[in-house]
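>>> generate a structure from the sequence data that follows.
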Amino acid sequence: MEQVTSNKKKIITPLQRFYLAEQRIKLGLTVEELSQRLNVSRFYYYQIESGRRGASLKPSIALALVKELKIDALYFLESEAEHMKKFHEINEI
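Residues are numbered from 1 along each chain as shown. Okay, here's the model as predicted:
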């Protein structure tokens, strides 16, 4: 993942969303099964879980993840806020 800053390319370090993977596995779902439930490609969901899809999620995806992974909404928001904070720290954004 690259970000262009004043004509220089900055390499962005992805940060995995472990809490999504843990919950998916806890429910016995594969990436393929969850991506089908979310109505996105397997590759797109993998990018979300592995952190290669950027710091923030689209609201529609976030809501669908809460529903499909049966995650408490407050826990999800706190986890995403922590993820974004760490992502920005690691990448000095």
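>>> the one helix or strand L20 maps to: what's the following helix or strand?
Taking DSSP states H and E as the definition, L20 sits inside helix 18-26. As assigned by DSSP H and E, the chain's next helix or strand after helix 18-26 is helix 31-38.
>>> find the nearest non-adjacent residue to S79, please.
Nearest in space to S79, with sequence neighbours left out and distances taken as CB to CB, 6 or more residues apart in numbering, is Y19 at 4.6 Å. In short, each C-beta sits where N, CA and C put it, glycine included.
>>> likewise for M84?
In this structure, M84 finds its nearest non-sequential neighbour in A55, 5.0 Å apart by CB to CB, 6+ apart.
>>> this protein: strands as residue ranges?
Secondary structure of the chain (DSSP state E): strands at 2-5, 8-11.
>>> how about low-confidence regions in this structure?
Judged by pLDDT under 70, the chain has its weakly predicted residues at 1-7, 54.
>>> for it, longest helix please?
Residue-count comparison of every helix in the chain, with assignments taken from DSSP state H, identifies helix 73-91 as the longest.
>>> sounds good, over and out.
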